[in-house]
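[1] Any chance you could fold what I've pasted below:
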Amino acid sequence: MLMTGRPRDALVFTAPNGGPVTDEHFRNRVWYPAIEAAGVRRFPPRIMRHTAASWLVQDGVPLYDVQALLGHEDYATTQRYAHLAPDAHGKVIESWARRAGAPAAHGPKEGRLP
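    Residues are numbered from 1 along each chain as shown. I've put the predicted structure just below:
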């Protein structure tokens, strides 16, 4: 519908004065005014996105859920946040300990592989 009567290579969305919508244009016209209105510290969208994803992982949200939220096609992209999970290795060690019949590790070494 948006392309009816237009050349195949025409832009679907354009800046107010024509031409492509650039990252800078979006940030200055839309993003930063919204951030200021919300009373949030001014950061570019990519920093805010990374921070939100980091907080979710630190809160124990499964990486597959974070992947779906961020729209990552490749799970490996989302795995970059895995190091932030406070008990990322703790659950693995507890599982191995249960299977071996030994008590799970606690204290300063918790969460580290032997």
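[2] who touches the helix of greatest length in the chain?
    For the chain, the longest helix by residue count, based on DSSP state H, is helix 45-58. Residues from elsewhere that reach helix 45-58 (CB atoms under 8 Å, 6 or more residues apart in numbering): 27, 31, 43, 63, 65-66, 69-70, 78, 81-82, 84-86. C-beta here means a position set from N, CA and C on the backbone, and glycine is covered the same way.
[3] Out of these, which end up buried?
    31, 63, 66, 78, 81, 85 (16 or more other CB atoms under 10 Å).
[4] quick check: mean pLDDT across the longest helix of the chain?
    Mean pLDDT, helix 45-58: 89.
[5] rewinding a little: where helices are concerned, which of the contacts of helix 45-58 count?
    Secondary structure defined by DSSP H assigns 63, 65-66, 69-70, 78 of the contacts of helix 45-58 to helices.
[6] Can you tell me which of the residues you listed lies closest to Ala97?
    Lowest distance from Ala97 to those (CB to CB) belongs to Leu63, with 22.9 Å.
[7] Relative to Arg46, how far out is the nearest residue to Leu63 once chain neighbours are set aside?
    Excluding the flanking residues, the one nearest Leu63 by CB to CB, 6 or more residues apart in numbering is Thr78, at 5.2 Å. According to CB to CB, to the nearest Å, Thr78 stands 15 Å off from Arg46.
[8] which stretches of the protein aren't confidently modelled?
    Filtered on pLDDT under 70, the chain yields the residue ranges 86-89, 102-114.
[9] hang on, the earlier thing: mind giving me a markdown table with the ones in helices among the contacts of helix 45-58 and columns for distance to Ala100?
    Converted to a markdown table, the ones in helices among the contacts of helix 45-58 look like this (distance: CB to CB, whole Å):
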| residue | distance to Ala100 |
| --- | --- |
| Leu63 | 26 |
| Asp65 | 30 |
| Val66 | 31 |
| Leu69 | 36 |
| Leu70 | 36 |
| Thr78 | 30 |
